[in-house]
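Trainee: Predicted model, plus sequence, below.
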Amino acid sequence: MEHHASELSKWLTQVLGLSQHSWGVFGHGAPLSVLERYDHLLNALLAACLALLITGVVRARMKQVPGPLQQVLEFVVQGLKDLVGDNIHHHPEKYLPFVGTMALFVFFNNLFGLLPGLSPATSNWNVTLACALVVFLYYNFHGMKEQGFLKYWAHFAGPIWWLAPLMFPLEILGLLSRILSHSLRLFGNIGGEHMVAGIFFGLLPILLPVPLLAMGLFFGLIQTFVFTMLTVIYLSGAVAHEH
Amino acid sequence: MKKFLTTAFLFCVAVAAFAQGAEPSATASFFAGKYLAHLSLAIGAAGCGLGQGKAVAAACEGIARNPQAAGNIRTTMIIGLALIEALVIYVLVAAFAVK
């Protein structure tokens, strides 16, 4: 995939006077500085800082009668609480901080596609793969913690013992392919959306990209919801006690 | 249906004729290049569209019959749509990888 450095990273390269050089196969020929090559890290860091700043400010100035920003965040937290509570029946509040953090991180990253000069970090597979890997490790860890190591892995062998040699490898394959599908879904949607918006912007920079930006806002929300929802579903599947 | 089959047959014949007429290297580049990636993306998008249309139609019908279940149906529909959409996203990623 062609690498387009964000305008912010180009500007920072100029301001800081970073040296540009070719990155071989991965740089696609054109000389890039470190910041331009790894601009998704810059964008991800910015998004994380923005999320921390907004939530931190609201947290510090919490009031009995909420202002607009606090009201929005209360709505988000309540929604996440309901989402986790509906799907996980055993101590759902334990998983809320992780799920909420992932949701906020992904959401702010998705929205960075709408700002001029920035590109969404989630349009780079490295970022979404990292998110999916963290989610994967998290639900496996909690599955083993809740059910016990042996019981958790025996769960993949299925109920019939003589089918276990067939079922176990297939289930493990399915488990591992979740990382791929979870990360590629977010990456493909946001990356594709960003690319289409870029092409339309190239065709006619006035007025034409406006509906696409609105669509970008909507898709960013939907993809965040899907990512969070799947996280919760994987988590509920891992920690569910069988009765 | 007959018309579609005829068109598909003609398309195959045309491709075969093209493959026979052209140089081997040109044929290879035609099949291995981005044209095939674009074509596969079109096929994938068509199937995905059919599947998603069916899912949304069923969800609408369900909500119309029982509006109280709208929240649950909507959530399930969005997850289903995301899972269907993932397939065409794989084709998109594969198309980029080929290109």
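Mentor: In hand now; what should we look at? Residues are numbered from 1 along each chain as shown, chains lettered A, B, ... in the order given.
Trainee: Point me to the residue of chain A nearest chain B.
Mentor: residue A:188 (3.4 Å; CB to the nearest CB). Placement of C-beta: from N, CA and C, glycine included.
Trainee: need the contact list for the closest residue to that residue other than its chain neighbours.
Mentor: In space, not counting the residues next to it along the chain, residue A:188 is nearest to residue B:89; the distance is 3.4 Å by CB to CB, 6 or more residues apart in numbering or on different chains. By CB atoms under 8 Å, 6 or more residues apart in numbering or on different chains, residue B:89 lies in contact with A:184, A:185, A:188, A:189, A:192.
Trainee: The residue lying closest to the last one once chain neighbours are set aside: which element?
Mentor: Closest residue in space to residue A:192, ignoring its immediate chain neighbours: residue B:92 at 5.9 Å, by CB to CB, 6+ apart. In this structure, residue B:92 is located in helix B:70-98 according to DSSP states H and E.
Trainee: what is the rounded mean pLDDT of that helix?
Mentor: The average of the pLDDT scores along helix B:70-98 is 86.
Trainee: just stretch A:110-122 next, same as before
Mentor: Average pLDDT, stretch A:110-122: 85.
Trainee: Check the gap between the one residue in chain B that gets nearest to chain A and residue A:230 for me.
Mentor: Using CB to the nearest CB, the single residue of chain B nearest to chain A is residue B:89, 3.4 Å away. Distance, residue B:89 to residue A:230, by CB to CB, to the nearest Å: 14 Å.
Trainee: Next: residue A:111.
Mentor: Applying CB to CB to residue A:111 and residue A:230 gives a distance of 20 Å.
Trainee: what's the burial count for residue A:135?
Mentor: Per other CB atoms under 10 Å in any protein chain shown, the neighbour tally for residue A:135 reads 24.
Trainee: which residues sit in contact with it?
Mentor: Residue A:135 is in contact with A:102, A:182, A:231, A:234, counting by CB under 8 Å, 6+ apart.
Trainee: And the helix or strand where it lies, what's buried?
Mentor: Applying DSSP H and E as the criterion places residue A:135 in helix A:125-147. Within helix A:125-147, the residues that qualify as buried are A:125, A:127-129, A:131-132, A:135-136, A:138-140, A:142-144, A:146-147, counting by 16 or more other CB atoms under 10 Å in any protein chain shown.
Trainee: What helices and strands are in contact with the worst-scoring helix or strand of chain A on mean pLDDT?
Mentor: Across the helices and strands of chain A, mean pLDDT, DSSP states H and E gives its lowest value to helix A:34-37, namely a mean of 78. When contacts are defined as 3 or more CB pairs under 8 Å, 6 or more residues apart in numbering or on different chains; DSSP states H and E, helix A:34-37 packs onto helix A:7-16.
Trainee: The helix it packs on - contacts with which helices or strands?
Mentor: Counting contacts by 3+ CB pairs under 8 Å, 6+ apart, helix A:7-16 is packed against helix A:34-37, helix A:39-60.
Trainee: Buried ones in it, by neighbour count?
Mentor: Within helix A:7-16, the residues scored as buried using 16+ other CB under 10 Å are A:8, A:9, A:10, A:12, A:13.
Trainee: can you give me the mean pLDDT across the host helix or strand of residue A:201?
Mentor: Residue A:201 is located in helix A:164-203, with elements delineated by DSSP H and E. With pLDDT averaged residue by residue, helix A:164-203 scores 89.
Trainee: before we move on, what about stretch A:90-105?
Mentor: 91.
Trainee: what's the nearest residue to residue A:104 if we skip its chain neighbours?
Mentor: Leaving aside its sequence neighbours, residue A:104 sits nearest to residue A:51 (CB to CB, 6+ apart; 4.7 Å).
Trainee: Could you tell me which residues of chain A lie near chain B?
Mentor: A:1, A:181, A:184-185, A:187-189, A:192, A:222, A:225-226, A:229-230, A:233 (CB under 8 Å from any CB of the partner chain).
Trainee: coming back round to it: and the residue of chain B closest to chain A, how far is that from residue A:182?
Mentor: In this view, residue B:89 and residue A:182 are 11 Å apart by CB to CB.
Trainee: picking up where we left off before, go ahead and confirm the residue of chain A closest to chain B touches residue B:95.
Mentor: No: between residue A:188 and residue B:95 there is no contact under CB atoms under 8 Å: 10.3 Å.
Trainee: Comparing the helices and strands packed on helix A:7-16, which comes out most buried?
Mentor: Across the helices and strands packed on helix A:7-16, the average number of neighbours (mean count of other CB atoms under 10 Å in any protein chain shown) peaks for helix A:34-37, which reaches a mean of 20.
Trainee: Give me the distance from that helix to the chain's centre.
Mentor: 21 Å (CA atoms, centre = their mean, to the nearest Å).
Trainee: hang on, residue A:73 is in a helix, isn't it?
Mentor: Yes: counting by DSSP: H, G, I helix; E, B strand; the rest coil, residue A:73 falls inside a helix.
Trainee: ok now do it, which residues does it touch?
Mentor: When contacts are counted by CB under 8 Å, 6+ apart, residue A:73 touches A:54, A:55, A:58.
Trainee: contacting residues around the second one?
Mentor: Right, residue A:55. Residues in contact with residue A:55 (CB under 8 Å, 6+ apart) are A:73, A:104.
Trainee: The last one now?
Mentor: With contacts taken as CB under 8 Å, 6+ apart, residue A:58 has the following neighbours: A:69, A:70, A:73.
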